[in-house]
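1. below are the sequence and a predicted model for it; my questions follow.
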Amino acid sequence: MPAAAARRRPWPSPPELLAQGFVPTGRTAPEPFLAVLMLVALPAAWLRWGPRLVDEWSRWHEAAGIVPLALLAVPATGHVLRRLTDMGLRGAWAWLLLVPWLRWVLLAALVLAPSSQRRRNPDGALRAFGLGLAGLAALGLLGSLLWTAAPVLAHGMRPALRPGDLVLLRRAPLPLAPGDVIAFRGADGPGWGRLVARGPARVAVEDGVPVIDGRPARRSDAGLLSEPFRPEGPRRALPVCGNGAVGLGAECRTRLWRETLPDGASFLALDAGQRPLDRMEPVEVPPGHLFVLGDDRDAARDSRLAPGVGGAGLVPEEAVIGRASLVLVSAAGRRPWDPRYWRPSRLFEPVR
C-alpha cells in the first residue's frame, strides 16, 4: 500500500461523524469538518432567508430551521473543539465564535488549515463544559419556538411596564383575551398595548375610558403614582405627569385608576388629566384585528392613533409577537449593563 494511502484517514460514516461530535477530545480533519459546517449552514440559511422567500412564513417554517440547528448544536461544537485539537491549538480558541467578524476568520481557518501532528492537553473538563453550554443553547433555540423576549423602549404601559424592561413573551399564535398585555411589530421596534377588544367589535373612548360595543369600562380610584421626573431606558423617555410640567428630579404625580373591562379583566391605568386623546369617536374593528390601549393613557401611542401619525392603529393579529408574562431584567439607564441603573425590584415581576 502506498505511504500516502496509509496516512489517509478514512471518512467516517454520517452516524459516526455525528457521534464523534459528542467526544470533544479527539481529532477532526478539515474535510469532515467542512461537511459538519455545511449541515449547520443549511438550516441557518433557511432561517435567515426563508422569511423573504416564503410569502406566508409560519411557525412550522421556523421550526424546520430551528429544530435541526438545535440538534446539531452539541455535535457541531464538539467538532470545532476536535478541529482545534487537530490543528494543534487549545480549545479556548472556540470562544472566538462568539465575536462578530472574528468568527468567520476562525471558521475559515478551521476549514483550510491542515492537520498538525502536535499533541495538546485535551482540556477534557473545560471541553465538556463547552458542550454543556452548547446543550443549553440548543434548549434555548427550541424554547424560542414558544417563548421570546422584547424590550420596552417608551412610556405608554406604566405602571405594568417601564422603559428599560426586557419582557418575556409567550409567542403567538396563541389565544388572546381582553386585558392581555401584548407586544406587536411596529415601525420603530416592538409596540406594546393592552388588548381591549378583538374584531368584530365597535370601540370608542370617552373621558379616557374605553367603550366596547356600547359598554364602558368601570373605574375606581386607586390613589396616586408618585416618582421622580427623570428619563428612563435606552431612549431616555420622559413620563407624562398629572401635576403639570416639572423639572428633572422633581416629584411627578399621576392619578391611578383601577379599570375593569366589560368582560371582567381588571388592571391599573394612569390618567394625567384632560387630553385630546381622552375622546375618540367609535371605530369598527374588523375580524382579525385588535384594538389596544396603553395603560399610561396620556403617554401611549396606541390604537387611538393611526400608524401614519405615530400610533399603532388597529393591530392585525398576525403582527402580534406574543403575550407578556414577566419582566426578565430592568434598567433605567441608557446602557442596560450599567449596574448603577439596574432595577432589581422588577426582576421576574409578573406582568398583570
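-> On my side now, so go ahead.
2. closest to the centroid, which residue in this protein?
-> Closest residue to the average C-alpha location of the chain: residue 149 at 2.8 Å, with Cα atoms, centre = their mean.
3. right, and that residue touches residue 165 too?
-> No - using Cβ atoms under 8 Å, residue 149 makes no contact with residue 165, being 10.0 Å away. Heads up, the C-betas are built off the backbone N, CA and C, glycines and all.
4. ok, then the element right after the biggest helix by length in the chain?
-> Of all the segments of type helix in the chain, defined by DSSP state H, the longest one is helix 59-86. Where DSSP states H and E defines the elements, the next helix or strand beyond helix 59-86 is helix 102-112.
5. just the CA atoms of that following helix, as CSV, please.
-> Coordinates of each C-alpha in helix 102-112 appear next as CSV, following Å, rounded to 0.1, in the frame of the first residue of the first chain:
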residue,chain,number,x,y,z
LEU,A,102,-13.7,37.1,14.1
ARG,A,103,-16.0,34.0,14.0
TRP,A,104,-15.7,34.0,10.2
VAL,A,105,-11.9,34.2,10.3
LEU,A,106,-11.8,31.2,12.8
LEU,A,107,-14.3,29.2,10.6
ALA,A,108,-12.1,29.8,7.5
ALA,A,109,-9.1,28.7,9.4
LEU,A,110,-10.9,25.5,10.7
VAL,A,111,-11.8,24.6,7.1
LEU,A,112,-8.5,25.5,5.4
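6. next, the angle from the helix or strand following that helix to helix 59-86.
-> Per DSSP H and E, helix 102-112 leads on to helix 124-143 as the next helix or strand towards the C-terminus. Going by axes from the mean of the first three to the mean of the last three Cα atoms, to 10 degrees, helix 124-143 is angled at 170 degrees with respect to helix 59-86.
7. quick check: beta-bridge partners of residue 280?
-> Under DSSP bridges, the beta-bridge partners of residue 280 are residue 205.
8. what's near enough to touch it?
-> If a contact means Cβ atoms under 8 Å, 6 or more residues apart in numbering, then residue 280 has 204, 205, 304 as its contacts.
9. quick revisit: quick one: the residue nearest to the centre of the chain is in a strand?
-> Yes - according to DSSP: H, G, I helix; E, B strand; the rest coil, the state of residue 149 is that of a strand.
10. ok, residues contacting stretch 75-87?
-> 18-30, 32-33, 36-37, 39-40, 90-91, 93-94, 97, 109-110, 113, 115-116, 120, 122, 127, 130-131, 133-134.
11. and the buried ones among those, selectable in PyMOL?
-> Only the buried entries of the contacts of stretch 75-87 go into this PyMOL selection, using 16 or more other Cβ atoms under 10 Å:
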select buried, resi 18+20+21+23+24+25+28+29+30+32+33+36+37+39+40+91+93+94+109+110+113+122+127+130+131+134
